[in-house]
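Student: kindly return the folded structure for what I paste below:
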Amino acid sequence: MGIFSAGNPWVLISGLLGNISSFVVFLAPLPTFIRIWKKKSTEGFQSVPYVVALFSAMLWMYYAFVKSGAFLLITINAFGCVVETIYIALYITFAPKQARMFTLRILLLLDFGGFFSIMLLSQFLAKGSKRVEVLGWICVAFATSVFAAPLSIMRQVIRTKSVEFMPFYLSFFLTLSAVTWLFYGIFLKDLYIAIPNVLGFIFGFLQMVLYAIYRNYKTVIEEVKLPEHSIDVKKNTVMDLEVQQEEALSSSSEPESVVAHDQNMNGSCALQADEHDQHQTNYNQREKILEFNSNPSQLLVKCEA
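Tutor: Below is the predicted model of the structure:
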């Protein structure tokens, strides 16, 4: 077979459309890495999707080399290998130490250890068409697991009723890429290319349906968390004011009690003084009477004078 396989124009057309759609998909994370480059920080982003994408591109490119006649599969996956390598290099450069070491471990384990193990086993344990068949089923198994990854995003959209983390254009181009490569596999009569893209088309279509359903929904954070926060602030403010008023009343009531106590003490002392004076007056009067009774001549002397 030739480079573009057997003179079927639909193979060329579908392959070119597949290259264009996959080109857009490979460049979709570019704004994220421009942001990482400007801020010199990965900001919590994960490296696993890019490591897996690099492994997938390497695997499909190796399959296309072994099969022959799938040149357009080689071109786009070669581009994908270059782009994903740049993404991973930027991530390793600006990631924290722990994330950097984790990325290097899975990169060595999967992209180097896994890929070279598959390549060596296929070379020594399979010959001719058997080698293509073994590689084809390995690619189908891995591509199926990759296409199943959006299930977590779809579950998050249903739970939160928000499409914030599922951009429409990315879902659209993923679906378009799956459709074009599905037709490429059909026209090329290669089931190993066609089978996983059936699953990719189904998941991509479901993502666009979810986007149409939840695109007008507001996020849960705006509807629930913000009002609760404002209510708590008001409650805390009211409680603080009540506490301050109680403290003020308690502090102001203490001098009043002291004053009242002083007034009561002063009043009791005044009453005691009045009673003492009254007793003293009565005592003086009694003394005078006794004195008059004992010396009646004094009165006579006074009268005579």
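
Student: what's the span of stretch 140-158 from first residue to last?
Tutor: 28 Å (CA to CA, to the nearest Å).

Student: tell me the mean pLDDT over that stretch?
Tutor: For stretch 140-158, the per-residue pLDDT values average out at 81.

Student: how about stretch 63-73?
Tutor: 88.

Student: end to end, how far does that stretch reach?
Tutor: Taking CA to CA as the measure, stretch 63-73 stretches 9 Å from start to finish.

Student: just stretch 104-118 next, same as before
Tutor: One end of stretch 104-118 sits 20 Å from the other (CA to CA).

Student: who touches stretch 53-71?
Tutor: Where contact means CB atoms under 8 Å, 6 or more residues apart in numbering, the residues beyond stretch 53-71 that reach it are 1-6, 15, 26, 73-74, 77-78, 80-81, 84-85, 88, 110-111, 114-115, 118-119, 122, 131-132, 135-136, 138-139, 142-143, 146, 188, 190, 192-193. Placement of C-beta: from N, CA and C, glycine included.

Student: buried ones in that stretch?
Tutor: Neighbour-count burial for stretch 53-71 flags 53-64, 66-67, 69-71 (criterion: 16 or more other CB atoms under 10 Å).

Student: now do stretch 179-191
Tutor: Of the residues in stretch 179-191, those scored as buried under the neighbour-count criterion (16+ other CB under 10 Å) are Val179, Thr180, Trp181, Leu182, Phe183, Tyr184, Gly185, Ile186, Phe187, Leu188, Asp190.

Student: before we move on, back to that, narrow the buried residues of stretch 53-71 to those in helices?
Tutor: 53-64, 66-67, 71 (DSSP state H).

Student: in what helix or strand does Thr103 lie?
Tutor: Element membership for Thr103 (DSSP states H and E) is helix 97-106.

Student: packing partners for that helix?
Tutor: Helix 97-106 makes packing contacts with helix 48-67, helix 71-94 when contacts are defined by 3 or more CB pairs under 8 Å, 6 or more residues apart in numbering; DSSP states H and E.

Student: ok, back up a step: of the contacts of stretch 53-71, just the buried ones, ChimeraX syntax please.
Tutor: The command below creates a ChimeraX selection of those among those that count as buried (16+ other CB under 10 Å):
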select :4,5,15,26,73,74,77,80,81,84,88,110,111,114,118,122,131,132,135,136,138,139,142,143,146,188,190,192,193
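
Student: give the residue spans of the stretch 1-150 of the chain that score low on pLDDT.
Tutor: Filtered on pLDDT under 70, the stretch 1-150 of the chain yields the residue ranges 1-7, 149.

Student: now Lys39: how far from Phe94?
Tutor: In this structure, Lys39 lies at 8 Å from Phe94, with CB to CB, to the nearest Å as the measure.

Student: more neighbours: those two, which one.
Tutor: A count of neighbours by other CB atoms under 10 Å puts Phe94 above the other of Lys39 and Phe94, at 17 against 10.

Student: the residue nearest to Ile158 when sequence neighbours are not counted in helix, strand or coil?
Tutor: For Ile158, ignoring the flanking residues on the chain, the nearest one in space by CB to CB, 6 or more residues apart in numbering is Leu210 at 7.0 Å. Three-state secondary structure (criterion: DSSP: H, G, I helix; E, B strand; the rest coil) places Leu210 in helix.

Student: quick one, what contacts Leu210?
Tutor: Going by CB under 8 Å, 6+ apart, Leu210 touches Met154, Val157, Ile158, Val163, Met166.

Student: what's the local residue count around Thr160?
Tutor: Applying the criterion other CB under 10 Å, we find 15 residues in the vicinity of Thr160.

Student: now do the one 3 residues further on
Tutor: Under the neighbour criterion other CB under 10 Å, Val163 is assigned a count of 22.

Student: that one touches Ala212, doesn't it?
Tutor: No - taking CB atoms under 8 Å as the definition, Val163 is not a contact partner of Ala212, at 9.3 Å.
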